[in-house]
Structure formats: C-alpha cells, structure tokens
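Chemist: please find the sequence and the predicted model below.
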Amino acid sequence: MKYSIKHQIAFIFIIVMVGTLTLCWIINNFFLESFYINNKKDVISEAYESINEATLSGDITSEEFDIKLRKICDMYNISVLVIDAQSTTVKSSSRYTELLMRRLYDNFFDPDSNLNYLEKNEKYLTATAMDDVTGTEYLEMWGVLDNGNLFIVRSPLEGIRDSVKLANRFLAYIGIAATLVSAAIILLLTTRITRPIMQLKDISEKMTNLDFETKYVSRGKNEIDLLGEHMNELSSALEKTVSELKTANNELKRDIEKKEQIDEMRKEFLSNVSHELKTPIALIQGYAEGLKEGINDNDDESRDFYCDVIIDEAGKMNNMVRKLLSLNELEFGNDVVTMERFDIVALVRNFLHSADILISQNDIKLNVDNSEPIYVWADEFKVEEVIRNFFSNAINHVNGEKIIEIKYRIDSEAKNKVRISVFNTGEPIPEASIEHIWEKFYKVDKARTREYGGSGVGLSIVKAIMDSMNQQYGVINYTNGVEFWFELETK
C-alpha cells in the first residue's frame, strides 16, 4: 500500500526522534564547551573562596584543609599556588610550583597580550591564556587574598574540549543505535495498532463487492473496536437492504413484462391444456364405457387392466394439472420471487442426499464437483425446483455408462456469476428439437416420455423460474450425452 498509515506513523515518529537527537547533538556541539567553561569558572571561584577563608582562619596549613584541597583539585583538575610577600610557598597542589609561580609573576607584572579576560574585580582576575611552551589553553584566576598572599588557580581547557568531543561522539552513537532500535519497536507497535484497521479495510472492500459474510471480531477495548462493531451493524443493514432492493428490482422487471404477456399466455394455456388432456380423457372415457358395458365381466384380469389404465391416466392428468398450475402462477407473476443469499453448493448437496434412493435404484454413477461454499442471490425454493427438474430429466434419459455429473463454474471474466450444470450420458437431443424443448408440452420422444409419466412441462417450469429471476439457462449437446445448465449471481 502506497500510503500505509502504519508506515506514516512510523515515519513521523522516526523523523521526530531523529530531529530531537540531532537538535541535542547541535546544542551539545555549540554550547556544551561554553557550559563546561562557565562551570569550571564557578569551581575555580569556589576554590578561591575556600582558600581565602582558610588563610583568614589559619587552617591553610592544616592536614584537614590539605585533604579538602586535594579532593577539589583532583575532582576538577585544577592547580593551586599561594605565596606570601617574600615569595615563599604557602600552599601548592602541583609539583610544578616554579612554573605556577613564574606564571603568577607574569600575570601580575608582564601579562600576555593573548589573555582573554572573563572577569575582573579588585580581588582577582579570570582569563583564558595559551601556554607558549606546551600550546595548551588554560583557564586561570589570580589575585590577592584578604591576608595579602598572592594566589593563582589554573585548569587546562583541553580536557574540557576532549570531554565535549567524547560526549558528542557518544551521543551520536547512542542516537544512531536508539534510532534503529526505536524504529524497529515503532514498526512492531504500529503494525499491531493498525492490524484492526487493516481488517476493517478488508471488510469494507468486501462490502463494496456486496460480500457481507466477513465480520469484525471486536475485543471491546478501544475506538477501533467500536468502529468494527458499527461496521458489522452496517454490513447487516446493507445486506438486508440489498436483498430488499434486488427483490423489488426483480418484481419491477416482472411487472413490466407481465402486462404484455398475460393475454397471450392465457390463450396459449387453454389451447395446450385442451390438447394435452384430450388423449388421457379419451382413454379414461373409453375404458370406463367398456367397464360399464360389461365387456370383461367374465375376465377379472381384463377388468383389472382397464382399472389400472384408468388410474394411471388419472394420475398422469393430476400430475400434469398440478405442474400446469405451478407454471401458470409463475408465468402470470402470481408467485413472488424472494431474492436471498444462500450457499448453492449446500443446497445441491442436500437435494442429492434426498435423492439417494432414486440414484441407487437406477444404478447411476454420480460425480459431483468438490467445491468450497458458493454464495448466490436467488429464490432458494425455486432454484431447488430447477435442480429437481434437471436432475429428474437426467435420470429419465441417462443411458450408456449411466453417469450423471454436477459441476460449478465461476465466470472467469466478470467473476460475479456461477454456472451450475447437470450432465448425463445418453443420446443427444436432435438439433431440430433443441429450440423447442423449453416450450410447454413439447416432447422429443413422446413414447419414452409417456413411458416414465412425463408431461412435457418440467423444462417449461425451469424456463419460467429462470425468466422470473432474469437469469440465463440452456442446454449443450455432446457426443455421449446432454448438459443442462443455469446461472446465478454471486454479487
């Protein structure tokens, strides 16, 4: 993702941290030395106060003051020299006493031109000076104590500069290491923080494709979880609304077509019914008259045959009338199509389970695609009726190897439709009959259709159902059999 919030947050934190460390390094580099010098100046002033106080109290030669002075000198790297009016050393903390004494005389009587004075008052002077012999810069304080003794306090500045450089180098190393470690920690933390946001992003992306199956698992800990719960509510509301809209849209399309078809359908229905009922009614009437006239009074077998024919024909008429009534409701639009989302794979599996006895009785080899759940938008009850008609048709016409195959194929281009097909081995449908098989009462092989009790209405019901849902259907001939198929929307 080009503008991932995780990377943006991590980048902002890293930039702020690097900027802070860089600012600290710049401040150290430009101001730490001055801070050290001012601090050293304060230390030298404290040393002066201690020496002055000790000389006034007479403790300057005591062992206790020696220890105190040595501690100060060692801690702050300073050298101290105190002499009296006769140039006799009263107190010295350095083995280079002569050098300090010479430096004290020079500062009093022949000061260097390169002295950089930091403070001047009637008691002492403070300045930075360069040692011509060693090339080392010093911070020096010299003057007269309250008892008249001369003193000089001296501290090298090179150690301060080395400390500043070392501190800056150490800060740079620590800053780089801290930046790398913090960057890794920030990336881990932002990944954890943004993981729920990425889940919500995926859910919203699926919702744009009308897939409402995925739900956000809320832990109820923060605002993101609250947003996830609201997303779940929105998903449920959208699914319900889409279902209602699809149902309403489908009904609207049907209403538009309904007015144009209703008169023609009524005429066609009456004509087909009268034609299809003519034969069974004639058979029932003929055999009933024969029974009444007592043609077979002395023949029980013939009488039973007459009765069986009448019962069989009456049953076929009853079955046909029932299917015609169902077809009539579909074609006249009296049966509401309820669009809902369901798993077509599970529906087919449940239907095949109920037809298991029929499959075994006909010695059929059934092959069904192993498929993950495929969710579709359709009227579940009517889709089951389509599958029942296709499967019954396959059982009645299966031959040869007696194989029936059920397959699912997702549209490779649009990916918003699935095709469900039912194939059976046997004789292909004659090419001249293919365009007529969806018509009411049309029979390719009338003798065979009558043999298994077919009415020629089953495929017409399929056509009416698929037209009511505005979906495609069809048939494909193969050299070894026939495949019937229909399509449903997945989004």
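Modeler: Received the coordinates, thanks.

Chemist: so which strand or helix has L118?
Modeler: Assigned by DSSP states H and E, L118 falls within strand 116-120.

Chemist: and the gap between the closest residue to A314 other than its chain neighbours and C307?
Modeler: Closest residue to A314 apart from its sequence neighbours, by Cβ to Cβ, 6 or more residues apart in numbering: I284 at 6.4 Å. Where you see a C-beta, it was placed from the backbone N, CA and C, and this is true even at glycine. From I284 across to C307, the span is 11 Å (Cβ to Cβ, to the nearest Å).

Chemist: between these two, who's got more neighbours?
Modeler: Per other Cβ atoms under 10 Å, whichever of I284 and C307 has more neighbours is I284, with 18 against 13.

Chemist: who touches V398 in this structure?
Modeler: Taking Cβ atoms under 8 Å, 6 or more residues apart in numbering, we find V398 in contact with 362, 364, 404, 424-426.

Chemist: so which of these sit within strands?
Modeler: 404, 424-425 (DSSP state E).

Chemist: next, the angle from the strand or helix carrying F30 to strand 116-120.
Modeler: Using DSSP H and E, F30 maps to helix 5-57. Helix 5-57 runs at 60 degrees relative to strand 116-120, counting by axes from the mean of the first three to the mean of the last three Cα atoms, to 10 degrees.

Chemist: what's the following helix or strand after helix 5-57?
Modeler: Of the helices and strands lying after helix 5-57 in sequence (DSSP H and E), the nearest is helix 63-76.

Chemist: for that following helix, packing partners?
Modeler: helix 5-57, strand 79-83 (3 or more Cβ pairs under 8 Å, 6 or more residues apart in numbering; DSSP states H and E).

Chemist: distance between the shortest one and the chain's centre?
Modeler: Relative to the chain's own centre, strand 79-83 is displaced by 77 Å; criterion: Cα atoms, centre = their mean, to the nearest Å.

Chemist: quick one: buried residues of it?
Modeler: Going by neighbour count (16 or more other Cβ atoms under 10 Å), the buried part of strand 79-83 is 79-83.

Chemist: what ranges does the stretch 151-300 of the chain have for its helices?
Modeler: Along the stretch 151-300 of the chain, counting by DSSP state H, counting those that start in this stretch, helices occupy 158-208, 223-292, 300-332.

Chemist: I'd say P196 and E229 touch.
Modeler: No: assessed by Cβ atoms under 8 Å, P196 is found out of contact with E229, at 11.5 Å.

Chemist: among those two, which residue is more densely surrounded?
Modeler: When neighbours are counted by other Cβ under 10 Å, P196 and E229 differ, and P196 comes out ahead with 19 against 14.

Chemist: how much space between the more buried one and I344?
Modeler: 33 Å.

Chemist: same thing with A432?
Modeler: With the distance defined as Cβ to Cβ, A432 ends up 33 Å from I344.

Chemist: can you give me the domain boundaries for this protein?
Modeler: Per automatic domain parsing, the domain ranges recorded for the chain read 5-164, 315-489.

Chemist: now mean pLDDT too, for these, in JSON lines please.
Modeler: Output for those, formatted as JSON lines (pLDDT from 0 to 100):
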{"stretch": "domain 5-164", "mean pLDDT": "80"}
{"stretch": "domain 315-489", "mean pLDDT": "82"}
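
Chemist: still on that earlier bit, just the buried ones from the contacts of V398?
Modeler: The neighbour-count test (16+ other Cβ under 10 Å) marks 364, 404, 424-426 as buried among these.

Chemist: now render those as a markdown table, adding distance to I72.
Modeler: Converted to a markdown table, these look like this (distance: Cβ to Cβ, whole Å):
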| residue | distance to I72 |
| --- | --- |
| I364 | 108 |
| I404 | 106 |
| N424 | 109 |
| T425 | 110 |
| G426 | 114 |
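
Chemist: M130: which of the residues you listed is nearest?
Modeler: Nearest to M130, judged by Cβ to Cβ, of these is I404 at 107.2 Å.

Chemist: residues contacting the closest one?
Modeler: Counting by Cβ under 8 Å, 6+ apart, the residues that I404 touches are 359, 364-367, 391, 394-395, 398, 422-425.
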